[in-house]
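> Pasted the sequence and its predicted model underneath.
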Amino acid sequence: METISSCLIYWLGEVEYQQAWDLQNLLAEQIAAGKQPPSLLLLEHPHTYTIGRRGGREHILWSEEEIKRRGIAVFEVDRGGDITYHGPGQLVGYPLLPLASAGWQGERLPQADFVGYVRKLEEVLIRTLVYYGIEAYRREGLTGVWVNKPAEEVSLPVKISSIGVKVDAKGVSRHGFALNIQPEMVYWQGIIPCGLDGVQMTAMAEWLSPCPSVQQVAQEVSRFFEAVFGCAAEWQTALPAGLYR
């Protein structure tokens, strides 16, 4: 996997899903052409369900009428994984990184490099949660970050962060992770999260009172992203000149 020496981290606030998807594609093309540094977009979305390549609409439990009533956008996207929810109070991160080694040619990043990249994203999130006093961990055979709910007699794993990524033919990553900070958890009831029957979702607010803001957590995520990926990161609050928002 290519070493990332520096990275720009953009805090964008709330962004419509389609706009963020278009922005990822635009920046990824510029990164592949050497016109834009590796970048990490940190943001929130309005209420949205996204369905990855392994998913289907059969994992949406609410009717079309209910989805419309609640103002939820639905997108079928080209990332890995199944269905997930995005919404206010959740931190979404889209790393746009050139992961392929110099001289690499092909349509797929080597599997070891791809898995290693996902493990790094998990590590960033685990370190962030531990910083806030929340013990987090991986589960073998499953992608994402898990915790045990507090004050439960039987400690069962619940999911606090989901990951779904894509690496394009030029080796640049898209999509990324979502960390539940203080979202409206009722929206998870409208889907089978990640297509896993019986999975329960949780959020940092179950541990923390007061709970930090999404932007505060974003700043800590950026710090651990810099440490895990071994890059020098620069925090930005505006997109490059010439790009839209």
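Okay, I see it.

> Just confirm Leu97 contacts Pro38, I think it does.
Yes. At 4.8 Å, Leu97 counts as touching Pro38 under the criterion of C-beta atoms under 8 Å. The way it works is simple: take the backbone N, C-alpha and C, and place the C-beta from them, glycine included.

> In space, what's closest to Pro157 - neighbours in sequence excluded?
Trp146 (4.5 Å; C-beta to C-beta, 6 or more residues apart in numbering).

> ok now do that neighbour, which residues does it touch?
Ala136, Tyr137, Arg138, Arg139, Pro157, Val158, Lys159, Ile160 (C-beta atoms under 8 Å, 6 or more residues apart in numbering).

> ok but it is inside a strand, no?
Yes. Assessed with DSSP: H, G, I helix; E, B strand; the rest coil, Trp146 lies in a strand.

> That one bridge partners, please.
Beta bridges link Trp146 to Tyr137, Lys159, judged by DSSP bridges.

> centroid residue for this protein?
Phe177 (1.3 Å; C-alpha atoms, centre = their mean).

> How about the secondary structure of that residue?
Assignment for Phe177 (three-state DSSP): strand.

> surely it meets Lys120?
No. Phe177 is beyond contact range of Lys120, at 10.7 Å (criterion: C-beta under 8 Å).

> Could I get the pLDDT score of the residue nearest to the centre of the chain?
Per-residue pLDDT puts Phe177 at 97.

> Any idea what it is bridged to?
Gly93, Ile163.

> ok, it - contacts?
Val92, Gly93, Leu121, Val124, Leu125, Ser161, Ser162, Ile163.

> Need the residues touching each of Leu97 and Pro38.
With C-beta under 8 Å, 6+ apart as the test, Leu97 and Pro38 both reach Ile4, Cys7, Ile31.

> and the gap between the first one and Ser161?
Here Ile4 is placed at a distance of 21 Å from Ser161 (C-beta to C-beta, to the nearest Å).

> Tell me if I'm right that Glu14 and Thr48 touch.
No. In this structure, Glu14 is not within contact of Thr48 by C-beta under 8 Å, at 11.1 Å.

> So for the two, which residue has more residues nearby?
Counted by other C-beta atoms under 10 Å, Glu14 and Thr48 do not tie: Thr48 has more neighbours, with 21 against 12.

> ok, the more buried one - contacts?
Tyr17, Ile72, Ala73, Val74, Phe75, Tyr85, His86, Gly87 are the contacts of Thr48 under C-beta under 8 Å, 6+ apart.

> Let me know the pLDDT of the fifth one.
Just to be clear, that refers to Phe75. Phe75 is given a pLDDT of 91.

> ok but it is inside a helix, no?
No. Going by three-state DSSP, the assignment for Phe75 is strand, not a helix.

> Surely it is in contact with Thr50?
Yes. Counting by C-beta under 8 Å, Thr50 is a contact partner of Phe75 at 4.9 Å.

> Can you pull the residues that touch both of the two?
Common neighbours of Phe75 and Thr50 (C-beta under 8 Å, 6+ apart) are Tyr17.

> Those two: which is more packed in?
Thr50 (24 against 13).

> was I right about that one contacting Gln18?
No. If you go by C-beta under 8 Å, Thr50 and Gln18 don't touch, sitting 10.9 Å apart.

> Need the residues touching each of those two.
Phe75.

> Could you count how many residues lie near the closest residue to Gly87 other than its chain neighbours?
Distance criterion C-beta to C-beta, 6+ apart; nearest residue to Gly87, sequence neighbours excluded, is His47 at 4.6 Å. Applying other C-beta under 10 Å, we find 18 residues neighbouring His47.

> Also Tyr10?
Residues near Tyr10, counting by other C-beta under 10 Å: 24.

> which residues sit in contact with Glu234?
Ser6, Cys7, Leu8, Ile9.
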